[in-house]
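> Okay, sequence plus prediction incoming.
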Amino acid sequence: MHATVSTEVLPLLGRSGAPAPPVRIVHLGLGAFHRSHQAWFTAHAPDAAEWGIASFTGRRPDAARVLAAQDGLFTLIERGGDGDRFEVVGSIAEAIDGADTARLDALLAAPSTAIVTLTVTEAVYEKHDADSPLARLCHGLSARRQAGAGPIAVVSCDNVAGNAEVAQKALLAIAEGLDSGLASWMRENVSFVGTSVDRITPRTTPDDVALVASECGYRDEAPVVAEPFANWILAGDFPAGRPRWEDAGAQFVADIEPFENRKLWLLNGAHSILAYAGQLRGHTTVAEAIADPVCRDAVEAFWDAAARHLTLPELAVPQYRAALIERFSNPRIAHHLAQIAADGTTKLRMRAVPVLSAEIAGGRTGVAAARMIAVWMDFVSAAASGDFQDPLKDQVLEAASLEGRERTQALAELVSPAVAGDPVLVDRIHSLRGTLDRQ
Ligand SMILES: NC(=O)c1ccc[n+]([C@@H]2O[C@H](COP(=O)([O-])OP(=O)(O)OC[C@H]3O[C@@H](n4cnc5c(N)ncnc54)[C@H](O)[C@@H]3O)[C@@H](O)[C@H]2O)c1
Ligand SMILES: O=P(O)(O)OC[C@@H](O)[C@@H](O)[C@H](O)[C@H](O)CO
């Protein structure tokens, strides 16, 4: 266990004139996960005093306003199965409204800024409009180029397969549209670092705010709850330096792909099955759903399939699976299935489709991965009134309004044209419809 930043050091949740660490990291997507993960790892690095984070919100100013009023400080509630630990995290030096692009440009134009981290959700990598986080980042990188501030690392910490390549492709596409000189500069000066990120971080509730007040004796308007487990695996270069995250438990590897697949398939894939099957079966949280034998069997079957394609011995898949069951079963973490269910078309493409393709290529039916897609179809069909979030929501609703196999075919098109183009696979998915949704 790492040493905690004692709540006694920062009793009133303000820095009382003490300086924040100097900003050397810019973050886009000031949400709960950024604070429980990258901010926490940075605060636990031995050189934390040299690495402050300027963290920008994505859509609304609210989170920045609340955190700025606390000088960027917040309480991490580490929620184990047997109790809570409280810790004040001090690495966020500035909390800023994402619309403040002047501040973003200024920070990115500073040679002292070495790293940009991202937690903007999976679907945002497909959004290129001018006020999207990635378009703002491109603008800021243009300011850096003009200032001659040198190379920088962009580190995507979203649950996206090949997140370094996806971030690079999206940013280069935006840059090409702005100025082809910027795109060439980015190719030379921006290093895209791939990551696998892991720490279950549910949304904060009013009860959590009240708990901090009663247990710590101060009012924190923005605490974050997370499980004790935290994992960060990274691959890539940091041309302008980085904190000693490895001393806080992060792992640097040459090839991120096997680690990323393990995490996205086993943890997030299971989460998707639980989100759709669990809600259809009347459950609200991950812990409730994994305790339901029907959901658990579907997860285990998917894990058996995925494990056939996770062959690197370092992945220690049996131990990883056992740990996941324990983490999912933590009854004190209220991880809501509705949160995980969002953006299904994007997520299934990274969680179900690769395992399905690998199984088919290996001469098997892919039934366990096909079932994940089928239960998502059941979920969006049941929620056809529109009570779900998806970047393709209009198309999902239109497809879900069809009947029978036509509906399965149209929904499959939205997840993967390759899957939809294989009539045998569409039949298989269709035959699995309605098999997990009964209590
Ligand atoms: N919560 C977790 O347990 C967890 C764990 C591992 C990885 N992640 C990754 O981190 C991401 C963020 O998770 P979180 O729990 O912090 O969520 P969150 O909702 O607390 O924060 C998401 C951030 O992204 C921004 N954002 C979301 N949609 C946007 C849009 N359409 N346009 C602009 N900005 C947008 C939000 O404004 C916010 O700043 C997840 O999508 C996932 O990829 C989360
Ligand atoms: O929106 P998602 O599905 O990427 O995130 C919700 C959870 O599945 C996810 O955040 C997990 O808790 C996380 O990936 C654990 O590290």
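It's in. Ligands and ions are numbered 1, 2, ... in the order given.
> Around ligand 2, which positions in the protein sit nearby?
Selection of the chain residues close to ligand 2 by CB under 6 Å from any ligand atom yields 122, 159, 198-200, 267-268, 271, 339-340, 347. The way it works is simple: take the backbone N, C-alpha and C, and place the C-beta from them, glycine included.
> and the two most separated of those?
The most widely separated members of those are R199 and K347, with 17.9 Å between them, by CB to CB.
> more neighbours, these two?
Set side by side, R199 and K347 show unequal neighbour counts under other CB atoms under 10 Å, the larger going to K347 at 26 against 20.
> Reduced to three states, what does the closest residue to ligand 2 within the stretch 201-350 of the chain come out as?
Using CB to the nearest ligand atom, H271 is the residue of the stretch 201-350 of the chain that sits closest to ligand 2, at 3.8 Å. Taken by DSSP: H, G, I helix; E, B strand; the rest coil, the conformation at H271 corresponds to helix.
> And ligand 1, is the longest strand anywhere in the chain touching that?
Within the chain, and with DSSP state E defining each element, the longest strand by residue count is strand 190-198. Yes - contact of strand 190-198 with ligand 1 is found when judged by CB under 6 Å from any ligand atom, involving V197.
> picking up where we left off before, and for the residue lying closest to the residue of the stretch 201-350 of the chain closest to ligand 2 once chain neighbours are set aside, the neighbour number?
The shortest distance from H271 to any residue other than its chain neighbours is 4.8 Å, reached at I340 (CB to CB, 6 or more residues apart in numbering). Using other CB under 10 Å, I340 has 24 other residues around it.
> Equivalent analysis for the one 5 residues further on, please.
Using other CB under 10 Å, T345 has 22 neighbouring residues.
> Equivalent analysis for G17, please.
6.
> Would you mind giving both backbone torsions of it?
When read as degrees, to the nearest 10, the backbone of G17 gives phi 90, psi -10.
> Can you tell me how far it is from K169?
G17 sits 45 Å away from K169 when distances are taken as CB to CB, to the nearest Å.
> likewise G98?
Between G98 and K169 the distance, using CB to CB, works out to 22 Å.
> the more surrounded of those two?
Applying other CB under 10 Å to G98 and K169 shows that G98 carries more neighbours, namely 24 against 13.
> Was I right to think that one contacts D62?
No - G98 lies out of contact with D62 (CB atoms under 8 Å); the separation is 11.0 Å.
> got the residues of the stretch 101-250 of the chain near ligand 1?
Within the stretch 101-250 of the chain, the positions adjacent to ligand 1 are 119-122, 124, 132-133, 158-159, 197, 199-201 by CB under 6 Å from any ligand atom.
> What ranges does the stretch 51-200 of the chain have for its strands?
Counting by DSSP state E, counting those that start in this stretch, residue ranges of the strands within the stretch 51-200 of the chain are 52-56, 74-80, 83-89, 92-96, 115-118, 152-156, 190-198.
> In CSV, list these along with mean pLDDT, distance to A39 and mean neighbour count.
Written out in CSV, the entries for those read as follows (pLDDT from 0 to 100; distance: least, CB to CB, whole Å; neighbours: other CB atoms under 10 Å):
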stretch, mean pLDDT, distance to A39, mean neighbour count
strand 52-56, 98, 6, 26
strand 74-80, 96, 8, 22
strand 83-89, 96, 5, 17
strand 92-96, 98, 5, 24
strand 115-118, 98, 9, 25
strand 152-156, 98, 13, 24
strand 190-198, 98, 12, 23
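> got those strands as JSON lines, with distance to A222 columns?
Rendered in JSON lines, the data for the strands of the stretch 51-200 of the chain read as follows (distance: least, CB to CB, whole Å):
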{"stretch": "strand 52-56", "distance to A222": "12"}
{"stretch": "strand 74-80", "distance to A222": "5"}
{"stretch": "strand 83-89", "distance to A222": "11"}
{"stretch": "strand 92-96", "distance to A222": "9"}
{"stretch": "strand 115-118", "distance to A222": "19"}
{"stretch": "strand 152-156", "distance to A222": "23"}
{"stretch": "strand 190-198", "distance to A222": "21"}
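> hang on, the earlier thing: the helix or strand following the longest strand of the chain - contacts with which helices or strands?
Remark: after strand 190-198, the chain's next helix or strand is helix 206-216, criterion DSSP states H and E. When contacts are defined as 3 or more CB pairs under 8 Å, 6 or more residues apart in numbering; DSSP states H and E, helix 206-216 packs onto strand 74-80, strand 83-89.
> before we move on, the earlier item: just the residues of the chain next to ligand 2 now: which is nearest ligand 1?
When these are compared for distance to ligand 1 (CB to the nearest ligand atom), N159 comes out closest, at 3.7 Å.
> dump the residue contacts of the closest one.
N159 is in contact with 122, 197, 263-264, 268, 347, 350, counting by CB atoms under 8 Å, 6 or more residues apart in numbering.
> go with 10 Å
Remark: with contacts taken as CB atoms under 10 Å, 6 or more residues apart in numbering, N159 is in contact with 33, 119, 121-122, 195-198, 260, 263-264, 267-268, 271, 346-347, 350-351.
> These in helices, which ones?
Secondary structure assignment by DSSP state H places 33, 260, 271, 346-347, 350-351 of these in helices.
> Buried subset of those residues, written for ChimeraX?
Listed next is the ChimeraX selection for buried residues among the ones in helices among the contacts of N159, using 16 or more other CB atoms under 10 Å:
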select :33,260,271,346,347,350,351
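> Output the ones in helices among the contacts of N159 as JSON lines; include the columns pLDDT.
Putting these into JSON lines (pLDDT from 0 to 100) gives the following:
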{"residue": "F33", "pLDDT": "97"}
{"residue": "E260", "pLDDT": "96"}
{"residue": "H271", "pLDDT": "97"}
{"residue": "T346", "pLDDT": "92"}
{"residue": "K347", "pLDDT": "94"}
{"residue": "M350", "pLDDT": "92"}
{"residue": "R351", "pLDDT": "96"}
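> Which of the ones in helices among the contacts of N159 sits closest to A183?
T346 (24.8 Å).
> Leaving out chain neighbours, which residue sits closest to that closest one?
Leaving out its chain neighbours, the residue that sits closest to T346 by CB to CB, 6+ apart is E122, at 4.7 Å.
> Equivalent analysis for T408, please.
Spatial nearest neighbour of T408, excluding adjacent residues (CB to CB, 6+ apart): H430 at 4.2 Å.
> What's the local residue count around that neighbour?
With other CB under 10 Å as criterion, H430 counts 19.
> now do P133
By the criterion of other CB under 10 Å, P133 has 22 neighbours.
> Same check on the one 10 residues further on?
Neighbourhood size, A143 [other CB under 10 Å]: 18.
> Same question for Q339.
Other residues within reach of Q339, judged by other CB under 10 Å, total 15.
> Now it: closest residue in space, sequence neighbours ignored.
By the measure of CB to CB, 6+ apart, the closest residue to Q339 outside its immediate chain neighbours is R203, 6.4 Å from it.
> what sits against that neighbour?
Taking CB under 10 Å, 6+ apart, we find R203 in contact with 31-32, 224-225, 334-336, 338-339.
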